[in-house]
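K.L.:
coordinates only, sequence not included:
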Ligand SMILES: Cc1cc2nc3c(=O)[nH]c(=O)nc-3n(C[C@H](O)[C@H](O)[C@H](O)COP(=O)(O)OP(=O)(O)OC[C@H]3O[C@@H](n4cnc5c(N)ncnc54)[C@H](O)[C@@H]3O)c2cc1C
């Protein structure tokens, strides 16, 4: 690609594919470079053809939720009848008992008992009073949830699960994580939801949209359509050097080719893009990049000779004695995710790349998982048809207490290049869901098209462009 009018997109996850799709719809020539063998990034769908039929599975359960009608319209137009609505049933398992999530009043009282419920309310009331006197803002995730919900509730299902996800103590996790994910939650909103069955903040949603062949279908459809319009999607490909001069990127090496795009939109890990710049990035930027870490995951996908394991979409396991964090039954998202009469289970282990879990191997992880799945009467070993193992090194950007300053140093430098746009979850080091990555991708495309840089960090922060109605819901353009 030596056409100086073409645009290079690095990474074919939701952010990269949304920018490629938006640019392609505007008549631009795009080249997408993706390291993996398929598009979709963390929202991809794996397909396993087995003698019993085809099993599909996402990289973890992918419920689509957004405040932005434009995104629903965009995906609805792409998928048509394959954009289905799914009833949500999710639970969490704590202290040997199952609780519905969103919580149900009778279920909570019945399982927890009046004594513990009382303790929760008492702790909550104490924190509520303390909150009126408190001057200092909470600094860590633990401080935030204890102050907001009281210690008993915070420890019941927030602190344990969070520590399991991140692999560091909740005291060392930035308050940004709590503000981003649970700021809208309050005891009263949850109680109101339990008692009157309507209202409630954004995480308490009873149905959600889902592509009937898996979350990856959105990105596979975009990929197909942009290629039909003459753009390229190169899989199993990676950039090896980003050459810059006078504040502009002038070329990008990919394998043996040197591409000279007009603009580069990058959703590959921010830590990797910094390493690729030539001349090398300033010392402060490289040091900041070295301090950022991603949490990894290893997944087991079991294909199962049984009609059903649960009625749940997914079940969380906050307790640390359970080695996995969540199980997902894809059949309960869409019956097209497995052959008739069979089902499957996706099991998530959280880890760091190179640690004991990362290196455990599938037989060992299977033994660890089956001990609990058999105990909880979900599954028997002899019902498992096949075990697949998948590894994801860059699953969660870790929000430690210093991450925000490190990200600021790097993004300020990257954003100073007039034709380089860092976006997305790994590309911006932001814990986005699909909707926010899609929005960042669309805004980057519009920055290129309109020649003015839209700020992407406010996406999902409550002051975003989309909520203010920046993007028209008319998708006919
Ligand atoms: C277990 C799990 C469950 C989730 N559940 C939900 C959910 O229920 N709902 C929801 O909306 N979101 C969910 N998400 C989040 C969602 O998957 C992400 O928000 C989304 O995929 C981020 O898109 P992205 O494009 O920003 O980044 P990614 O999806 O990470 O895409 C980045 C892409 O860049 C590629 N890449 C990396 N390095 C290079 C390189 N050097 N060269 C070229 N390409 C490279 C990667 O292979 C990848 O394809 C979940 C995520 C996980 C891990």
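P.N.:
Cool, the structure landed. Because the structure is predicted, anything quoted here is derived from the model rather than measured.
K.L.:
neighbours around the residue of the stretch 351-477 of the chain found nearest the ligand, how many?
P.N.:
Here the stretch 351-477 of the chain gets closest to the ligand at one residue, residue 424, 2.6 Å apart by C-beta to the nearest ligand atom. C-beta coordinates here come from the backbone N, C-alpha and C atoms, glycine included. Residues near residue 424, counting by other C-beta atoms under 10 Å, number 32.
K.L.:
Can you tell me which residues in the stretch 51-200 of the chain are near the ligand?
P.N.:
Residues of the stretch 51-200 of the chain lying close to the ligand (C-beta under 6 Å from any ligand atom) are 59-64.
K.L.:
Straight-line length of stretch 329-341, end to end?
P.N.:
End-to-end span of stretch 329-341 (C-alpha to C-alpha, to the nearest Å): 14 Å.
K.L.:
Need the residues that contact that stretch.
P.N.:
52-58, 61, 84, 86, 89, 210-214, 303, 307-314, 343-346 (C-beta atoms under 8 Å, 6 or more residues apart in numbering).
K.L.:
try 7 Å this time
P.N.:
Stretch 329-341 has contacts (C-beta atoms under 7 Å, 6 or more residues apart in numbering) with 52-57, 84, 86, 210, 212-214, 307-313, 343-346.
K.L.:
What of stretch 349-359?
P.N.:
164-165, 167, 295-298, 323-325, 365, 391, 393.
K.L.:
Counting neighbours, which of the residues you listed end up buried?
P.N.:
164-165, 167, 295-298, 323-325, 365, 393 (16 or more other C-beta atoms under 10 Å).
K.L.:
which pair in those residues spans the largest distance?
P.N.:
Distance extremes for those: the farthest pair is 323 and 393 at 19.3 Å, using C-beta to C-beta.
K.L.:
what about the helices in the stretch 151-300 of the chain?
P.N.:
With DSSP state H, counting those that start in this stretch as the definition, the stretch 151-300 of the chain shows helices at residue ranges 151-157, 159-166, 175-182, 187-196, 216-228, 270-276, 283-291.
K.L.:
for the ones you listed, which one sits closest to residue 372?
P.N.:
Minimum separation from residue 372 across the helices of the stretch 151-300 of the chain (C-beta to C-beta) falls at helix 159-166, 14.0 Å.
K.L.:
Next, the angle from that closest one to helix 175-182.
P.N.:
110 degrees (axes from the mean of the first three to the mean of the last three C-alpha atoms, to 10 degrees).
K.L.:
Now find how far off-centre helix 159-166 is within its chain.
P.N.:
What separates the centre of helix 159-166 from the centre of its chain is 16 Å, taken as C-alpha atoms, centre = their mean, to the nearest Å.
K.L.:
by contact count, what packs against that helix?
P.N.:
Counting contacts by 3 or more C-beta pairs under 7 Å, 6 or more residues apart in numbering; DSSP states H and E, helix 159-166 is packed against helix 141-149.
K.L.:
What about residue 327, how many residues nearby?
P.N.:
27.
K.L.:
In contact with it, which residues?
P.N.:
Contacts of residue 327 (C-beta under 7 Å, 6+ apart): 314-315, 345-347.
K.L.:
Repeat the analysis, applying 6 Å as the threshold.
P.N.:
By C-beta atoms under 6 Å, 6 or more residues apart in numbering, the contact list for residue 327 reads 315, 345, 347.
K.L.:
Among those, which one has the most neighbours?
P.N.:
Neighbour counts for these peak at residue 347, which has 25 neighbours (criterion: other C-beta under 10 Å).
K.L.:
any idea which helix or strand carries that one?
P.N.:
Assigned by DSSP states H and E, residue 347 falls within strand 343-351.
K.L.:
chain center to that strand: distance?
P.N.:
Relative to its chain's centre, strand 343-351 lies at 15 Å (C-alpha atoms, centre = their mean).
K.L.:
for the helix or strand following that strand, packing partners?
P.N.:
Sequence order places helix 362-375 as the next helix or strand after strand 343-351, per DSSP H and E. Under the contact criterion of 3 or more C-beta pairs under 6 Å, 6 or more residues apart in numbering; DSSP states H and E, helix 362-375 touches strand 384-397.
K.L.:
Now do the strand it packs on: which elements does it pack against?
P.N.:
Partner elements for strand 384-397 (3+ C-beta pairs under 6 Å, 6+ apart): strand 294-304, helix 362-375.
K.L.:
Out of the ones you listed, indicate the one that is most buried.
P.N.:
Counting by mean count of other C-beta atoms under 10 Å, strand 294-304 has the highest mean neighbour count of the helices and strands packed on strand 384-397, with a mean of 22.
K.L.:
returning to what we had before: let me have the buried ones among the contacts of stretch 349-359 in CSV, adding pLDDT as columns.
P.N.:
Shown next, in CSV, are the buried ones among the contacts of stretch 349-359 (pLDDT from 0 to 100):
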residue, pLDDT
164, 90
165, 89
167, 93
295, 96
296, 97
297, 98
298, 98
323, 96
324, 97
325, 95
365, 98
393, 96
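K.L.:
any idea which helix or strand of the protein has the worst average confidence?
P.N.:
helix 187-196 (a mean of 58; mean pLDDT, DSSP states H and E).
K.L.:
dump the residue contacts of residue 130.
P.N.:
Residue 130 neighbours (C-beta under 6 Å, 6+ apart): none.
K.L.:
How far does the strand or helix carrying it sit from its chain's centre?
P.N.:
Residue 130 is part of helix 114-133 when elements are defined by DSSP H and E. When C-alpha coordinates are averaged (C-alpha atoms, centre = their mean), helix 114-133 and its chain have centres 32 Å apart.
K.L.:
Let me see the mean pLDDT of that helix.
P.N.:
For helix 114-133, mean pLDDT rounds to 84.
K.L.:
And stretch 269-276, by the same measure?
P.N.:
98.
K.L.:
Could you list the domains of this structure?
P.N.:
For the chain, automatic domain parsing gives the domain ranges 43-65+293-397, 103-204.
K.L.:
Pick the most buried one from those.
P.N.:
Using mean count of other C-beta under 10 Å, the stretch among the domains of the chain with the largest mean neighbour count is domain 43-65+293-397, at a mean of 18.
K.L.:
Just the endpoints, please. Distance across it?
P.N.:
16 Å.
K.L.:
Report the contact partners of residue 295.
P.N.:
166-167, 395-396, 398.
K.L.:
Kindly state the beta-bridge partners for it.
P.N.:
When assigned by DSSP bridges, residue 295 has beta-bridge partners residue 396.
K.L.:
that older thread, now flag whichever of the residues of the stretch 51-200 of the chain next to the ligand is closest to residue 369.
P.N.:
Closest approach to residue 369 among those (C-beta to C-beta): residue 60, at 15.2 Å.
K.L.:
so where does that closest one fall, helix or strand?
P.N.:
Using DSSP H and E, residue 60 is not contained in any helix or strand.
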